[in-house]
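Peer 1: Sharing a sequence plus its predicted fold:
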Amino acid sequence: MSTRELQLAAVLAAFAGFSFLLHFVWEMLQSPLYSSLRDASHPEAVWMCTRATVGDVATGLAAYASGALAQRDRLWILHPRARGWLAYLLAGLAITVVFEALGTGPLRRWTYGPQMLTLPILGTGLSPLLQWLLIPPLAVWLTRRHSRNG
């Protein structure tokens, strides 16, 4: 493996790790907003949040790839420009909207509780959208900070 490939592997591992930790905390904190988790035991709720977190990390990695393609740099996260950020955020938002629509719609994987605010036309929960707008930029910041110090 070349030095650049090793650096990419280290950056992606850090990004995935920070993403997992941050998204897991968010998933646990937002769990009261889902009626499908209301009657779940603690271990069941933790397992469901863990599975959701794995999906969040996959979304983040797909969005990362979008940023890399847009910026034409697999290590774009170390020196992000507007084009990379925009592709990263838009890809993540699009994936979030689609998966929330599928999960609450035809796949019936989860249901929003009455406390979940939703977007009028799409019906997407506000919490999952805020999750994508807040957690991924923080994961990028932590990854950049870690990669500079590591």
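Peer 2: Perfect, thanks for sending it.
Peer 1: Secondary structure element holding the residue nearest the centre of the chain?
Peer 2: Centroid check for the chain by Cα atoms, centre = their mean gives Asp56 as the closest residue, at 3.7 Å. For Asp56, the element it lies in under DSSP states H and E is helix 42-71.
Peer 1: quick one on the thing from earlier: Three-state assignment for the closest residue to the residue nearest to the centre of the chain other than its chain neighbours, please.
Peer 2: In this structure, Asp56 finds its nearest non-sequential neighbour in His23, 3.9 Å apart by Cβ to Cβ, 6 or more residues apart in numbering. In short, each C-beta sits where N, CA and C put it, glycine included. For His23, the assignment made with DSSP: H, G, I helix; E, B strand; the rest coil gives helix.
Peer 1: Quick check: the gap between His23 and Thr104.
Peer 2: Here His23 is placed at a distance of 18 Å from Thr104 (Cβ to Cβ, to the nearest Å).
Peer 1: ok, those two, which is more surrounded?
Peer 2: It is His23, of His23 and Thr104, that has more neighbours when counted by other Cβ atoms under 10 Å, with 24 against 21.
Peer 1: List the contacts of that one.
Peer 2: 52-53, 56-57, 60, 131, 135 (Cβ atoms under 8 Å, 6 or more residues apart in numbering).
Peer 1: Ala10 against Thr143, yeah?
Peer 2: No. The pair Ala10 / Thr143 is not scored as a contact, 9.7 Å apart, by Cβ atoms under 8 Å.
Peer 1: And those two? Which one has more around it.
Peer 2: Thr143 (23 against 14).
Peer 1: Okay, the more buried one and Leu8: tell me how far apart.
Peer 2: Counting by Cβ to Cβ, the gap from Thr143 to Leu8 is 12 Å.
Peer 1: what's the answer for Ala87, then?
Peer 2: Ala87 sits 18 Å away from Leu8, going by Cβ to Cβ.
Peer 1: When the two are compared, which one has more neighbours?
Peer 2: Ala87 (20 against 17).
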